[in-house]
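Chemist: The following block contains a protein sequence and its predicted model.
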Amino acid sequence: MNDWIDIKSDANHIKREREKARELRNSDWWKNLLGKGECYYCHGRFEADELTMDHIVPVARGGRSTRGNIVPCCKECNNRKKYLTPAEMIMFELEAKEKARQSDSNAE
């Protein structure tokens, strides 16, 4: 997918934000989120060890390790999201649905 949002980051930013994420991972705030057992994206129910820490705006794209940008995420959603922003994730899914719809109508 082509980046249509130009978000920059640098090595120092990534290192600093990953350190902050490690600190947050040990916080009561994060443990409470994991205890709820819900993926932020699909709203599925999971055991705490099945959830990962996801940056809504990825660190590699300039995101920060803050409570407002970190959410629990199931491994499937995290793998699907990769480095995308939420807007890009939605656009990617819409494009995939449109391609599937077009191929279905071409098959008829």
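Modeler: Received the coordinates, thanks.
Chemist: can you pull out the helices in this protein?
Modeler: 11-25, 28-36, 75-81, 86-107 (DSSP state H).
Chemist: so where is the protein shaky, pLDDT-wise?
Modeler: Along the chain, the parts satisfying pLDDT under 70 run over 1-9, 108.
Chemist: Mean neighbour count for the helices of the chain - can I get that in TSV?
Modeler: Placement of C-beta: from N, CA and C, glycine included. Output for those, formatted as TSV (neighbours: other CB atoms under 10 Å):
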stretch	mean neighbour count
helix 11-25	13
helix 28-36	13
helix 75-81	15
helix 86-107	11
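Chemist: Same list (those helices) but as a markdown table, adding distance to residue 44.
Modeler: Output for the helices of the chain, formatted as a markdown table (distance: least, CB to CB, whole Å):
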| stretch | distance to residue 44 |
| --- | --- |
| helix 11-25 | 21 |
| helix 28-36 | 12 |
| helix 75-81 | 8 |
| helix 86-107 | 16 |
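Chemist: Of all the ones you listed, which one is nearest residue 51?
Modeler: With respect to residue 51, and counting by CB to CB, the nearest of the helices of the chain is helix 28-36 at 5.7 Å.
Chemist: thinking residue 67 is in contact with residue 23, fair?
Modeler: No - look at residue 67 against residue 23 with CB atoms under 8 Å: they stay out of range, at 11.6 Å.
Chemist: Which of the helices of the chain sits closest to residue 53?
Modeler: Per CB to CB, nearest to residue 53 of these: helix 11-25, 6.0 Å.
Chemist: on that earlier part again, need the overlap of contacts for residue 67 and residue 23.
Modeler: Listed as contacting both residue 67 and residue 23 by CB atoms under 8 Å, 6 or more residues apart in numbering is no residue at all.
Chemist: about what we covered before: I'd like to know which of the helices of the chain lies nearest to residue 57.
Modeler: Taking those one by one with CB to CB, helix 86-107 is closest: 7.9 Å.
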